[in-house]
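Chemist: Pasted the sequence and its predicted model underneath.
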Amino acid sequence: MATSLASPLSSTAVERDRHRRERGLAACLVTPLTLLAFAVHGYHPYAEDGGIYLPEIKRLLRPEMYPQGAEFVVGHLRFSIFAPLMAGLVRWSHLQVETVLLLVHLASFWTTLFAAWLLAARCYESREERWGAVALLAVWITLPVAGTSLMLMDPYVTARSFSTPCALLALVGALEFLRPRDGAAGLVERWSTAQGRGMALCCVALAGATAMHPLMGAYAFGCVVVLGCAMSPSRQVRMWGTMGLCCAAMAVAGAVQMSGVPESKAYYSVVMTRYYWFLSEWHWYELAGLVAPLAIVAMSGFGRRSVSRLEGEHAARVGLARMAVVSGVTALTAAALFARAGLVTHSVARLQPLRVFQLVYVVMILAVGAALGERVLQRSAMRWVGAFSLLAGVMVFVERQTYPESAHLELPGTMRRNAPENPWEQAFVWISRNTPKDALFALDAHYITLQGEDAQGFRAIAERSVLPDYSKDGGVVANKPLLTEEWMRGLAAQSRLSTENDAARMEALRSLGVSWVVLARGAETGFRCDYANGVVKVCRLP
């Protein structure tokens, strides 16, 4: 009798020790993968959405910054603790904000890859599968998510740098709570303890994701609920519960759309700057980016035995795949029905339901990477090095095409040394050092998308107020309709800024309080231009 009681406890201790060693090994191996991902994908803290998030952090640290047009700086993060947390880290550490952002960026990559390993460890048995899954995610970690204008992870720090690893950890906890377990005598206590840990991890991770990025947190919660139905031992729950969740999601989307108020023509022009909200505006290859991942994931989640008859990693893999397919199809249906450009209101479009595909892509990459590691690379070091060198090379080439005029790694200190490679950044750095802090600037409303500008944010680098631009500030206004009129005034004043004459510039800009302009190098003007390089010049209005 004593032997029968000791055996389960002994096996439990052995298994716990094995899991501890596996996690330790994973933590060690994820570190070089993090550095690889950083080296491959580059780092651009002032570009794209990084140029939106960084000014709010800077304004929290120095409230006197951006005295004009501050509503375009602080409005978009009103439901997130991201900016206050970053500002708090800067104050606590006494480090430069750029240094803190770099450390946070590396930590977010590391946490994402470690969470991916935990997820793979619950879905795949062999080390080749697990490391193939995580290694592929490392080299594809900035992969664009179809046409959603979203990446798996950005090459800069945003609220999604936190919400993404939190979402993956929530799925890890949910799998730990839901996965079938051995019902042998003596294992009930171990089962209950593992369930409790899984539920706690899931809840804490979802809370973290929601606190950082409420929209992404909500979609992560929806995926966890779908996963609960997909892995239920009851066939009725799996079938009718999943269908009920899909119908409930459609009902909620319909209610949100019907409750929206009709929008003005002016606001409609703002909405259309977010073309990626609408499937009708996508290219065929962007649509393929929705269908292909669903097809790949479906291959591992359907046409198999019932989840209730599977055990361990097989049940987790199938359940996760079915969750991804159901969530993706539901989001795609909601977008097709309720996120259309011609509707009188765009309440559902603003919620961007296709962002769910971020998790669909992660599940797909893990599945493809696991198959690659198990069936192709196996235990051949040469195959691993050759395959991932090729994949990494492709991603480096893509990064260089995206940011051709900027340094691959824009590390802290580059701006302080006045040594950025990008001529636009050079001008912005000069502005930050040589113009009054309360100056209001104007520059081409479409400067973000100009060739060679590389989407570098003016406010983030120059640290000066500026009239709203078409692209990034358009995204702020799309979620804050009250700013529509001010946004349109700024666009009108900055249209043809480098091609019109001085009199027209003065007439358009003076009434808005503009005191400095950034013009193309070849623009004709009688204004005093204090700075010029081969691309742009900075001029003071008389």
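Modeler: Cool, got the structure.
Chemist: Show the model's pLDDT score for the closest residue to P144 other than its chain neighbours.
Modeler: With sequence-adjacent residues excluded and distances taken as C-beta to C-beta, 6 or more residues apart in numbering, P144 is closest to M151, at 5.6 Å. Any C-beta I mention is one placed from the backbone N, CA and C, and that applies to glycine too. M151 is assigned a predicted lDDT (pLDDT) of 94.
Chemist: Helices along the stretch 1-150 of the chain, start to end?
Modeler: Under the criterion DSSP state H, counting those that start in this stretch, helices of the stretch 1-150 of the chain are mapped to 2-41, 50-61, 71-74, 82-93, 97-121, 127-139.
Chemist: A249 is nearest to which of those?
Modeler: helix 97-121 (23.4 Å; C-beta to C-beta).
Chemist: quick one: that closest one to helix 82-93, angle?
Modeler: Angle of helix 97-121 versus helix 82-93, following axes from the mean of the first three to the mean of the last three C-alpha atoms, to 10 degrees, is 110 degrees.
Chemist: Identify the bridge partners of V536.
Modeler: For V536, the beta-bridge partners under DSSP bridges are A520.
Chemist: how much space between D502 and R496?
Modeler: Distance, D502 to R496, using C-beta to C-beta, to the nearest Å: 13 Å.
Chemist: which parts of stretch 406-416 are buried?
Modeler: Judged by neighbour count using 16 or more other C-beta atoms under 10 Å, the buried positions of stretch 406-416 are S406, A407, H408, E410, P412, T414, M415.
Chemist: quick check: domain ranges of this protein?
Modeler: The record, using automatic domain parsing to delimit domains, assigns the chain the ranges 7-41+97-379, 423-540.
Chemist: what distance separates the start and the end of the shortest one?
Modeler: The first and final residues of domain 423-540 sit 19 Å from each other (C-alpha to C-alpha, to the nearest Å).
Chemist: quick one: the strands in this protein?
Modeler: Remark: strands assigned in the chain by DSSP state E are 440-443, 465-466, 516-520, 528-532, 536-540.
Chemist: What helices and strands are in contact with the first one?
Modeler: Under the contact criterion of 3 or more C-beta pairs under 8 Å, 6 or more residues apart in numbering; DSSP states H and E, strand 440-443 touches helix 458-462, strand 465-466, helix 484-494, strand 516-520.
Chemist: So which of those is nearest V476?
Modeler: Taking C-beta to C-beta, helix 484-494 is the member of those nearest to V476, at 8.2 Å.
Chemist: pLDDT on the closest one, on average?
Modeler: Here the mean pLDDT over helix 484-494 is 91, rounded to a whole number.
Chemist: D502 and R496: which has the busier surroundings?
Modeler: In this view D502 and R496 are compared by other C-beta atoms under 10 Å, and D502 has more residues nearby, 15 against 11.
Chemist: Find the residue closest to T99 in space, skipping its chain neighbours.
Modeler: Of all residues not flanking T99 in the chain, P412 sits nearest, at 4.7 Å (C-beta to C-beta, 6+ apart).
Chemist: Roughly how far does the one you found sit from M323?
Modeler: Counting by C-beta to C-beta, the gap from P412 to M323 is 39 Å.
Chemist: Over to V100?
Modeler: 35 Å.
Chemist: What is the neighbour count of S80?
Modeler: When neighbours are counted by other C-beta under 10 Å, S80 registers 22.
Chemist: for I141, same thing?
Modeler: Using other C-beta under 10 Å, the number of residues around I141 comes to 27.
Chemist: Isn't it up against F38?
Modeler: No. With contacts defined as C-beta atoms under 8 Å, I141 does not count as touching F38, sitting 9.6 Å away.
Chemist: shared neighbours of those two, anything?
Modeler: Common neighbours of I141 and F38 are listed as F109 (criterion: C-beta atoms under 8 Å, 6 or more residues apart in numbering).
Chemist: returning to what we had before: so which of the helices of the stretch 1-150 of the chain has the densest surroundings on average?
Modeler: Comparing the helices of the stretch 1-150 of the chain by mean neighbour count (mean count of other C-beta atoms under 10 Å), helix 127-139 ranks first with a mean of 25.
Chemist: where are the low-confidence patches of the stretch 51-200 of the chain?
Modeler: Of all residues in the stretch 51-200 of the chain, those with pLDDT under 70 make up the ranges 75-77, 180-192.
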